[in-house]
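Visitor: Sequence and predicted model, in that order:
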Amino acid sequence: MTDALPTRMMAAVCDGPGTALDLREVDTPVPGSGEVLVKLESCGVCHSDLHLRDGEENLPDAFYPVIFGHEGIGRVVAIGADSPGAPDLGTRVGLPWLYDTCLACKPCRSGWETFCTSQTARGVQHNGAFAEYAISPVAFTIPVPDGIDVVKGAPLLCAGLTAWSALARAEVQPGQNVLIVGAGGLGQYAVMIAKARGAQVFVVDRDAAKLKTAKALGADHIIPAGPKAGAQVKAAGGADVALNFAPSPAVWDTIRDAVNPMSAVVAVAMVHELVDLSLMWLIDGGHRVFGSSVGTRQAMIDFLDFAARHPLPIDIETLPLAGVDEALNRLKRGEVTGRLCIDFSL
Ligand SMILES: [Zn+2]
Ligand SMILES: [Zn+2]
């Protein structure tokens, strides 16, 4: 580590479940072997951070104190000893949810590290990017192209990447009909990416304002959620691909009613309740139903390259690091329409 770096830094620290994030000075982390130190320029504020702060993820006591934040962009300012393959000092890199994985199991070896059962997450098992500096393992440090706006680009690392990966897993083809259930942040990115891939896009949501936003972002058909939503999609051509971004089991009936034969149905939103899936429906329709979780390193490289060439305009509200706890309160009260992002220059 070079002498020029401060030994102390500001961070928003969570000391236990259900406690407000405390902005205070802590030791600047020192990168070990196979790690780099990143000076943050931006970090998106995500609903997952709110669930973590409010203790809804039941983190073990040993995890605290912890620093959340998994949509960080910054520059490499120090490289740990014995770190082959590390990006050069000054390289702009992304710090996403996936912190590292075992790199040895079958999913890891086949390029599907997002399904590694030994994976760890940034802002959960490791300190995240609600801090002036953060550590990143070299093997999971992905450069951010120059064409990505340093602040507007932060949510690409979580919401955008998750939407991109779900569409990629479904192998969406030009001309296909894609149904997006849930038009929050992830759904909005999915609308833009599906349109860029040449799909016709249907969006179902119960919130009229979100439907309006989806329309403005390019959705071809917007349909209010409800018992008739699936039939309305079917009547307008049906869905070849359906992606669920809404955290409710009620969406299953809509998807089942909406899809065409041989559809691909992708589960993305975390729905813990069971849904009524008929094996005969699977057989008769030849459907594929599968899940998708965040995105692999290769997906992030592909997606950032795409996003650098295709603007994905989404409302971003910036705030200083000191405002992050209040930002989570506003998210909780449902007062935020776009995405919130810490700008470390504020
Ligand atoms: Zn997130
Ligand atoms: Zn693994």
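Guide: Great, that's in hand. Ligands and ions are numbered 1, 2, ... in the order given.
Visitor: what stretches of this structure score poorly on pLDDT?
Guide: The chain contains residues with pLDDT under 70 at 1-3.
Visitor: Name the residue closest to the centre of it, please.
Guide: Centroid check for the chain by CA atoms, centre = their mean gives residue 158 as the closest residue, at 2.0 Å.
Visitor: List the contacts of the closest residue to it other than its chain neighbours.
Guide: The shortest distance from residue 158 to any non-neighbouring residue, by CB to CB, 6 or more residues apart in numbering, is to residue 71 (4.6 Å). Glycine gets a C-beta too; all of them are placed from N, C-alpha and C. Neighbour list for residue 71: 43-46, 95-96, 129, 154-159, 341 [criterion: CB atoms under 8 Å, 6 or more residues apart in numbering].
Visitor: quick check, nearest of those residues to ligand 2?
Guide: residue 96 (16.6 Å; CB to the ion).
Visitor: excluding its backbone neighbours, what's nearest the closest one?
Guide: residue 157 (4.3 Å).
Visitor: hang on, isn't that neighbour packed against residue 44?
Guide: Yes. If you go by CB atoms under 8 Å, residue 157 and residue 44 touch, sitting 7.0 Å apart.
Visitor: more crowded one of the two?
Guide: residue 157 (32 against 27; other CB atoms under 10 Å).
Visitor: Return the residues in contact with the more buried one.
Guide: Counting by CB under 8 Å, 6+ apart, residue 157 touches 44, 70-73, 94-97, 300.
Visitor: who wins for most neighbours among the residues you listed?
Guide: Of these, with other CB under 10 Å as the count, residue 71 tops at 32 neighbours.
Visitor: residues in this structure within reach of ligand 1, list them.
Guide: Contact residues (CB under 5 Å from the ion) of the chain with ligand 1: 46, 48, 158.
Visitor: neighbours of the first one, just the number please.
Guide: Burial measure for residue 46: 26 neighbouring residues, criterion other CB under 10 Å.
Visitor: Please verify my assumption that it contacts residue 158.
Guide: Yes. Counting by CB under 8 Å, residue 46 touches residue 158, with 5.4 Å between them.
Visitor: what do these two both touch?
Guide: 70-71.
Visitor: Taking the stretch 51-200 of the chain, what residue is nearest to ligand 1?
Guide: Taking CB to the ion, the stretch 51-200 of the chain has residue 158 as its residue nearest ligand 1, at 3.3 Å.
Visitor: Now do the contacts for that residue.
Guide: Taking CB under 8 Å, 6+ apart as the contact definition, residue 158 lies against 44, 46, 48, 70-71, 96-97, 294.
Visitor: With secondary structure and distance to residue 327 as new columns, can the residues you listed be given to me in JSON lines?
Guide: Output for the contacts of residue 158, formatted as JSON lines (DSSP: H, G, I helix; E, B strand; the rest coil; distance: CB to CB, whole Å):
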{"residue": "44", "secondary structure": "strand", "distance to residue 327": "10"}
{"residue": "46", "secondary structure": "coil", "distance to residue 327": "10"}
{"residue": "48", "secondary structure": "helix", "distance to residue 327": "14"}
{"residue": "70", "secondary structure": "coil", "distance to residue 327": "15"}
{"residue": "71", "secondary structure": "coil", "distance to residue 327": "13"}
{"residue": "96", "secondary structure": "coil", "distance to residue 327": "19"}
{"residue": "97", "secondary structure": "coil", "distance to residue 327": "18"}
{"residue": "294", "secondary structure": "coil", "distance to residue 327": "22"}
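Visitor: now these in TSV, with distance to residue 115?
Guide: TSV is the format used below for the contacts of residue 158 (distance: CB to CB, whole Å):
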residue	distance to residue 115
44	24
46	21
48	18
70	18
71	21
96	16
97	14
294	10
